[in-house]
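Asker: Following is a predicted model, sequence given first.
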Amino acid sequence: MERKSQSITIADAAGFLKKNDNYYILTHMNPDGDAMGSGFGLCHSLRAMGKKANVLCSDPFPKRYGFLYEGYEPMKFTPQTIVTVDLADTGLFGRELQVYGEYVDLAIDHHISNTGYAAKLLLDANAAAACEVIYQVLKEGNMPINKQIAQCLYTGIATDSGCFRYENTTPKTHMITAEIMGYGIPYARLNRQLFEIKSKARFMVEQYVINNVETYLDNKCAIIAVTADTVKETGLAQEELEGIASIPMQLEGIEIGVTIKEKEPKKYKVSMRSAENVNVSDICGKLGGGGHMRAAGCTVEGDLSQVKLKLLSVIAPAMGFDLWLS
Ligand SMILES: [Mn+2]
């Protein structure tokens, strides 16, 4: 499917959302805080306008974001308008949503790698989160924003920006967040819930990562691999593996953190984080993936050792290494 989206403005998107009805709001599999926040933030606002709207995702909504969908029940209706949020590529729909790939009316996104799969595209690659874009649309269209919606939007922005620490955090991110905080959200409690509190299962995952990280390329590249066997043997909770790529980044001198997770036999999902200078979006792009300069991903097939070699053969030159086998 090759389609080039029509780029639209924030005002166009607001007009479109107000004009239409019976929304399916779709987001990416393994939904993170921004996927959940932008999906439910938009859904709650459309419903508050008396419209029908559901949020759909191939994976169950994570319990840790339960406060974003408190009181939400799917409505029964025939979808007429398909909107995606925080979704760069229909490949990220996951199996259950794949069927909608060719019927997306509007995509609201912040990934520069957005493939243009939707009829209309509102893309702000400078936004730290899709929620930052959603907020501007709601505001521009005078659409409802209440405390719950503000919580959704705050969660997306805070999580995608690493609680306003990552480089994607701009003055505009802060100004938008300041307005969102004006809705009386319990941001200190949210921050503790989002960034400090860990389940025991997550604690164990972090312990595993710290004990098993390998370093390469003059100790500048950290790789952590989680195979299906590891998960089985150690009892690590699959749903707690999100975001572990950031853990090896705490180690002094690390420039790239790579996480390799076995999704199917001989099929590995790779996440990369960059501390500063290396563009991991480029690296993942060479392996058929994509993302942001400092956070990107791809899928690599083969045995674990082959996968590591394949990754290092692309990472090494990107980091200025000629000889990387040592
Ligand atoms: Mn996002």
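Answerer: Noted; the coordinates are in hand. Numbers count the residues shown, from 1 in each chain.
Asker: Could you pull out the helices in the stretch 201-326 of the chain for me?
Answerer: With DSSP state H, counting those that start in this stretch as the criterion, the stretch 201-326 of the chain has helices at 228-234, 280-286, 304-318.
Asker: and the strand or helix carrying residue 188, what other elements does it pack with?
Answerer: For residue 188, the host element (DSSP states H and E) is helix 187-191. Applying 3 or more CB pairs under 8 Å, 6 or more residues apart in numbering; DSSP states H and E, we find helix 187-191 packed against helix 147-160. Bear in mind the C-beta positions are built from the backbone N, C-alpha and C, glycine included.
Asker: picking that back up, the ion is nearest to which of the helices of the stretch 201-326 of the chain?
Answerer: helix 280-286 (13.9 Å; CB to the ion).
Asker: of all the helices of the stretch 201-326 of the chain, which lies closest to residue 116?
Answerer: Each of the helices of the stretch 201-326 of the chain has some distance to residue 116 by CB to CB; the shortest is helix 280-286, at 15.9 Å.
Asker: next one: that closest one to chain centre, how far?
Answerer: Here helix 280-286 is found 17 Å from its chain centre; the criterion is CA atoms, centre = their mean, to the nearest Å.
Asker: So what touches that helix?
Answerer: 112-113, 256, 270, 272-274, 290-298, 314-315, 318 (CB atoms under 8 Å, 6 or more residues apart in numbering).
Asker: and those residues, which of them are in strands?
Answerer: 256, 270, 272-274, 290-291, 295-298 (DSSP state E).
Asker: got those as TSV, with pLDDT, distance to residue 209 and neighbour count columns?
Answerer: Formatted as TSV, these follow (pLDDT from 0 to 100; distance: CB to CB, whole Å; neighbours: other CB atoms under 10 Å):
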residue	pLDDT	distance to residue 209	neighbour count
256	96	15	26
270	95	15	25
272	94	15	28
273	93	13	26
274	94	18	23
290	92	24	21
291	89	20	20
295	90	17	21
296	93	19	25
297	94	17	20
298	96	20	22
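Asker: okay, these in a markdown table with distance to the ion next?
Answerer: A markdown table is the format used below for these (distance: CB to the ion, whole Å):
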| residue | distance to the ion |
| --- | --- |
| 256 | 21 |
| 270 | 18 |
| 272 | 16 |
| 273 | 15 |
| 274 | 17 |
| 290 | 13 |
| 291 | 10 |
| 295 | 10 |
| 296 | 13 |
| 297 | 13 |
| 298 | 17 |
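Asker: Could you work out the most separated pair of the residues you listed?
Answerer: Farthest apart among the ones in strands among the contacts of helix 280-286 by CB to CB are 256 and 290. That separation is 16.0 Å.
Asker: which residues sit against the lowest-mean-pLDDT helix or strand in the chain?
Answerer: Between all helices and strands in the chain, the lowest mean by mean pLDDT, DSSP states H and E belongs to helix 228-234, at a mean of 86. Here helix 228-234 makes contact (CB under 8 Å, 6+ apart) with 204, 208, 236, 238, 262, 265.
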